[in-house]
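In: Quick one: sequence and predicted model below, then my questions.
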Amino acid sequence: MDNEIIVKNSKLIELQTIVDGIDGIISVAENFNHIPFEIKRVYYIYSLNNPDAIRGKHAHKQLEQVLFCINGSCEIGLDDGTNQQTVVLDKPNVGIYLGVELWHTMDKFSDNCILLVIASDIYKESDYIRNYDEFIRYINQDKK
Ligand code: T46
């Protein structure tokens, strides 16, 4: 398992680290710069105390997102319908871009894991494909 991205519509995004001596580090994500879309929503997932938790298990039709594990670590499972891979997020300044039509899961959360998500749109349940067979049908349909 490595972090070379082979699935479609995904890439790693590495933010600069501004090291403030012994007093900490700053990483910055800007609209259309480090983040390849206009940011419309930020949410974060925490209190991931169930070691067996598997989140995600869906794809998006239009939504683009970048996930950062800003504390601890977790694994992101990616599936574009042809290729599957697992990516470890364990650095606060390295995130993963999830484009459209990408089935994803999040699991193997470490203690105190915090997942920060930057999204291109507000929450719309109609944008979710939550059934895997439906996802495969959706990506294979003729989009004339
Ligand atoms: C995604 C991954 C990375 C809202 O009402 N508003 C929101 O902005 C969000 C994110 C969620 N919700 C509600 C919808 C569900 O009733 O919160 C509940 C749990 O959402 P979900 O099961 O989709 O959570 P995850 O962790 O599986 O997925 C989340 C995002 O929803 C999703 O877009 O790509 O993180």
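Out: Structure's in. What do you need? Numbers count the residues shown, from 1 in each chain.
In: all contacts plus neighbour counts: C-alpha atoms, from now on.
Out: Noted.
In: residues in contact with residue 46?
Out: Under the criterion of C-alpha atoms under 8 Å, 6 or more residues apart in numbering, the neighbours of residue 46 are 112, 113, 114, 115.
In: Please indicate which of those residues has the highest neighbour count?
Out: residue 115 (23 neighbours; other C-alpha atoms under 10 Å).
In: how close does the closest residue in space to that residue that isn't next to it in sequence sit to residue 113?
Out: Setting aside the residues directly before and after it, residue 115 is nearest to residue 69 in space (C-alpha to C-alpha, 6 or more residues apart in numbering), at 4.5 Å. For residue 69, the distance to residue 113 under the criterion C-alpha to C-alpha, to the nearest Å works out to 7 Å.
In: Contact partners for the residue in the chain positioned nearest to the ligand?
Out: In the chain, no residue comes nearer to the ligand than residue 56, which is 3.3 Å away by C-alpha to the nearest ligand atom. When contacts are counted by C-alpha under 8 Å, 6+ apart, residue 56 is found next to 104, 105, 106.
In: Same question for residue 58.
Out: Residues near residue 58 by C-alpha under 8 Å, 6+ apart: 102, 103, 104, 105, 128, 129, 130, 131, 132.
In: now with 6 Å?
Out: Taking C-alpha atoms under 6 Å, 6 or more residues apart in numbering, we find residue 58 in contact with 103, 104, 129, 130.
In: tell me which of those is nearest to residue 31?
Out: Using C-alpha to C-alpha, residue 104 comes nearest to residue 31 of the contacts of residue 58, at 23.4 Å.
In: before we move on, what SS does the most centrally placed residue in the chain have?
Out: The central residue of the chain, meaning the one whose C-alpha is nearest the mean C-alpha position (C-alpha atoms, centre = their mean), is residue 67 at 3.6 Å. Of the three states, residue 67 takes strand according to DSSP: H, G, I helix; E, B strand; the rest coil.
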